[in-house]
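Participant: Everything below, folded, please.
(2 chains)
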Amino acid sequence: MRLLFLAAALGFAQAISAAKLTISIPPSPPVLPNPATLPSSTHAVLLGSPGIKHTAPLRRDNTFVFPSLAADSYLLTIYSRDHAFAPYRVDITEAAAASAQQDVNIWWTYRGNEWSNKGPLLGSGQDDLRVEIRPTGMKDFYQQRGGFNLVGFLKSPMILMGLVSVVMIFGMPYLMENSEALLDLDPETKKEFEEMQKSGPTAQASSAVDSIQNFDLAGFLSGKSASSSGAATPAAAGGGAKKR
Amino acid sequence: MLLPIYAAVILLLRPALAVFADEAWTVDYHHALLGLPKQSTTFFHRPDPSSRASLIYTLSEQGVVGAVNPRDGGVVWRHLLNSSRDATQSSFLRAGDAQDAIVSGLGGQVTAFSAADGRVDWQHDVPDALVDLEILELEDGRGTPGAKDTLCMSAGQHPTVQRLDGATGVVKWEHKIESGDTPYQVSASTTEVFAILLHKTVLGYIKIKVITLDPVTGRKTDEYTLSSENELATAETILAVGANSASPIIAWTDSAYKTLRINVIGKKAIVDFPINTLGGRPPQRVTLHAPYLTTSLAHFLVHYQSLDSDWAEVYHIDVKTGRVEKAYDLPKIEGRSSFSTSTNGANVYFTRVTKDQVFTVASTSHGILGRWNVDSPTSSLTDGTARPVHAVSEVSVKGESVSAVRSAVLLSSGEWLLLRNGSPQWTRPEILAGTVSAAFALPSEVSDLVNELQEEAHSNPVSAYVHRVTRHIGDIQKLPSLLTALPQRFVHGFLGTGSDGSDTFGFNNIIVSATSDGHLVAVDAGRPSDILWSSAAVILSSGQVWKVRVESAAPGIVRVIDDISPMPTFFNASTGAAIGDDEVASDSAVPNTAVEVDFTLKDGQLYGTTASQSGHNDLWQFGLQKGETILSLTPRPVNDPVASIGKVLGDRKVLYKYLNPNLALLATTYAGQSRVSIYVLNTVSGAILYSNSHRNIDLAAPIAATLSENWFAYSYTAESTSTAPKGHQLVVGELFESLTSNDRGLLDAATNVSSLASSTQPLTLTQTYHIPESISKMSVTQTRQGITSRQLLAVLAESNAIVGIPRGVIDPRRPVNREPTKDEQAEGLFRYTPVIDFDPKWYLNHRREVLGVKDVITSPAILESTSLVYAYGLDVFGTRLNPSFNFDMLGKDFNKFQMLATVAALAVATFVVAPLVQRKQINQRWQFT
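Facilitator: This next block holds a predicted model:
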């Protein structure tokens, strides 16, 4: 019995000299609806002054327990396979010289900022502090390939431009033929437009296209081209015009 | 106009440096290992007492506690208890009968785990090194219902026995051993707790002392010393101290294994049995197998091993009188066999695994209840290359007979094999968990073709032509088989269902690993699920660790350099056959220069030496300051091809890299100061090219460093100061000949430069980033020509991951405090941010957890785009990386079906449109407006 008391006293003495920090992971939908699904490799690390590092594994009741922490300023990081957690700052300070109690404070902290740049206070207590920490998000490990998407394909500007030009090519002659009915165009305007089209750059271009299309291969091979190219070209052009 | 498009393309490309979902589980491979299981810490146990499904639990030599599913060999959960791997530490793993808890003990820590999912229940630190750990099976009404208490014994100045509450881990009582005897073991019967101590007599012999403790209060009730005369010289001949059996015993032998002496704990009488050698050689090893349950029969088996055979005896204990008597013998069988104990209710069964058979007998009689042949032609157990080391078994009993037996057998080849009624179910290559060094070796089939082509290139035209014709004739003979395989190959290629086994891209490199226990193991990266070959390269005495380095010597050949043989030994990577020194062609492409400078670390000092006729002359010595010690030395890799000597800037000008093959990065620290200095050295002249010093560094945290091409990286953990934040930092530096574009600085006019003669100093740019966690090891990807951009591979020990950081993210030329200019954007530079968050898409291991990685090695494939990666330590993980995409190979994103569909659609469209066009052309000619 004496021994038992001694052990209890020993335990009590330990509790006085060091603070206890308990971090619990509450259910936090939609990121983590059930913390019991966290893998057992999930752990929390408190990084103190050089050489001081405490590691706490995840317990059955979804908590990390640091049973005895000395006065120091710690960086708290929680590592989990599928979830991301923010870094925190934990400070343990002697409350006052007379009392043997210790203050425990936990703040948000930001990477790449001065250590004094603290975020909002998450919790504070004396000797024993229990705080809840929620994951900030899920880790997404996989890159999805951009598969073939018909709508996306049709939305691309190149395809749109192509489609518009196709509509113009096939739609315009039809539009012109039925313009009286469709657009209520008076015949004079139409005639004017046709004249314009004939003399415009497109007409010349089309005659050039015609000359290529109606290329007289036999004539070319029979030696017409070299000597009488000057004569052949107007003939071809004239033929083209005649055909139209 | 072009520049924004260029920049946009680069920005689009960046997120693609990631693991693709469709490649994630096929390109990479992973062995989630536990390490070599120990006999005393391996058992079958049911995590849920109401269900019949059991798992195999083990605490391995590598300090990993975990559960394996006996159905498929998959790891259910595991924890790396300590990474120090001190071989002298004893470890314990216990499970209470019908409990959802597993209690482990290693070093000075006792941890209780939830048996089903591996969550921690409680942790308890004992004052000193742990000596023994037991579950107290007795029900005294004071324990928390459902959770059985734990007894632990610790050594040190004040050895203690503690009883820990099963639910919370709180110390219930503590008994200090003040007699000055060495604590040996703790044991419990249904009514008492025994502490077994070893008392050293004046003559140097050992006497066994037993202290009886009250299980409720921990007070001493009795104490006696066994009259083990002068036969116990060391504690090694104590065979076993039973625990939790109905009647725990102590058994020991004399050092010559002549007599077996047994004492039932609590009784003072010692029973002697002469050891019967059955006409053969005397035993070399005697082990005792007893059930670990208070409810089972008090029967046990003594297993004798001689040099060439095994036999066993079964003994019964009368619990009331404490009488021990021999029940029956199990016959002698040539070759190694292993015994294991299993229980079913009160009945005890012993299972014997030999190289070709599995037998099960009941403890009550010698009649064989089940006998199965080991039927596997491919197993290393049956072909005689491996023998069973130890086994654990689970029997299922139907009526009087044993209907099935599952045995998890550790083979001497380091494989963990599950035999279900003699047929192998799975094997786990646990030997790889002890890998200390590994190297890639190109398989010789690939290198043969390379050699033949080289022969043609380097001989005179006529003989080259003859050689080529004969080679082609040889190839034609393979044509019929090639043609018959073609349709299948086509189908496979089209559907992407599998490879045809050929390795034209050089992905199937062989990785040869050396393990700390003296084995060489080869794994084929193309078929990573099984071991290619495994052999014991050296014989080590127990406790000795093989200090070894494996490196690639020539295509298909590895060189092994160790501390045992003075000369390196060579092995064929494909077969494992040893090769003579003379057969290895020298692979060193380095020509013999006039002066060869070696640099070595010797007695904590760094020297540069030259070889001459008079021996080694010191050329230079790195002058360490007072109290300065070397942490690590990282030379530039020998095989580190660089495609371009400069960096092309956005305005098409060039910034010249400082490329020196003789670079090394040296990290030093100062005694008593939390300070680290980093030096980049020219290893020929010994000149310091760059140096930096960091204060307030956590030296207990890893300091990783790497060096490649013209850049270096290192990481450390820093304490906060008024200006610097607390946390982990990564520093990246890059060396340039000059920082002015199109200018080579002092080297401009020189055609040949010697490091010894000139003292050109590079200009160094560095940037520091805050990273979310510490990096324990760094490496850089390697490709064949070095055209592909590199990735920094960083091992994250806390996340159990390996990340590949793209080079562009850690480019020291990222503009600081301003937006990048158009030229910089065109180069792919973006604004410096002090924090790099490791994008989960950079994790090479993606959702897997790669535990205990010590090193990462990389090797080029035949394809320029691809680098092969292999990580080892505890787990083994390998993958292929394309840091600049697979630009020279069709990836999985190339949709062959879509391509064929497009071709078909175009063909159809041509056929449909052709008559239309023809009609239109005819109409055009005949139509008059």
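
Participant: Quick check, pLDDT for residue 111.
Facilitator: I'll assume chain A. Here, the pLDDT recorded for residue A:111 equals 88.

Participant: wait, I meant chain B there
Facilitator: 93.

Participant: can you tell me the average pLDDT over stretch B:290-301?
Facilitator: 85.

Participant: Span of it from start to end?
Facilitator: 6 Å (Cα to Cα, to the nearest Å).

Participant: from the chain's centre, how far out does that stretch sit?
Facilitator: 36 Å (Cα atoms, centre = their mean, to the nearest Å).

Participant: Identify the residues contacting it?
Facilitator: B:43, B:97, B:137-138, B:189-190, B:240, B:242-247, B:249, B:288-289, B:312-319, B:327, B:330, B:339, B:341, B:343, B:345-348, B:350, B:363-364 (Cβ atoms under 8 Å, 6 or more residues apart in numbering or on different chains). For glycine as for every other residue, the C-beta is placed from the backbone atoms N, C-alpha and C.

Participant: for chain B, what's the longest helix?
Facilitator: Longest helix of chain B, by residue count under DSSP state H: helix B:896-926.

Participant: Output the below-cut-off pLDDT ranges for the stretch 101-250 of chain B.
Facilitator: Within the stretch 101-250 of chain B, the segments meeting pLDDT under 70 span B:139-146, B:227-231, B:243-244.

Participant: how about the strands in it?
Facilitator: B:101-106, B:109-114, B:120-125, B:130-135, B:150-154, B:160-164, B:171-176, B:182-188, B:193-200, B:206-213, B:220-225, B:238-241, B:249-253 (DSSP state E, counting those that start in this stretch).

Participant: List the buried residues of the fourth one.
Facilitator: Right, the one you point to is strand B:130-135. B:130, B:131, B:132, B:133, B:134, B:135 (16 or more other Cβ atoms under 10 Å in any protein chain shown).

Participant: Output that strand in CSV, but only the C-alpha positions, please.
Facilitator: Extracted in CSV, the C-alpha atoms of strand B:130-135 (Å, rounded to 0.1, in the frame of the first residue of the first chain):
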residue,chain,number,x,y,z
LEU,B,130,13.1,-3.0,-20.8
VAL,B,131,14.0,-6.6,-19.8
ASP,B,132,10.7,-8.4,-20.1
LEU,B,133,7.1,-7.8,-20.7
GLU,B,134,4.1,-10.1,-20.0
ILE,B,135,0.3,-9.9,-20.0
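
Participant: Show me what that strand packs onto, helices and strands only.
Facilitator: Other helices and strands packing on strand B:130-135, by 3 or more Cβ pairs under 8 Å, 6 or more residues apart in numbering or on different chains; DSSP states H and E, are strand B:91-95, strand B:101-106, strand B:109-114, strand B:150-154, strand B:182-188.

Participant: Assign residue B:714 to helix, strand or coil.
Facilitator: strand (DSSP: H, G, I helix; E, B strand; the rest coil).

Participant: correct me, but it touches residue B:707?
Facilitator: No - with contact defined as Cβ atoms under 8 Å, residue B:714 does not count as touching residue B:707 (9.1 Å).

Participant: how about the strands in chain A?
Facilitator: A:19-24, A:43-47, A:53-57, A:63-69, A:72-79, A:83-84, A:88-94, A:102-109, A:118-126, A:128-132, A:137-138, A:142-143 (DSSP state E).

Participant: rewinding a little: among the contacts of stretch B:290-301, name the buried ones.
Facilitator: Judged by 16+ other Cβ under 10 Å, buried ones among the contacts of stretch B:290-301: B:43, B:97, B:137-138, B:189-190, B:240, B:242-247, B:249, B:288-289, B:312-317, B:330, B:339, B:341, B:343, B:347-348, B:350, B:363.

Participant: Can you give me the pLDDT of residue B:793?
Facilitator: 96.

Participant: Can you name the helix or strand that the spatially closest residue to it that is not a sequence neighbour falls in?
Facilitator: With Cβ to Cβ, 6 or more residues apart in numbering or on different chains as the criterion, residue B:793 has its nearest non-adjacent residue at 4.4 Å, and that residue is residue B:779. Taking DSSP states H and E as the definition, residue B:779 sits inside strand B:777-780.
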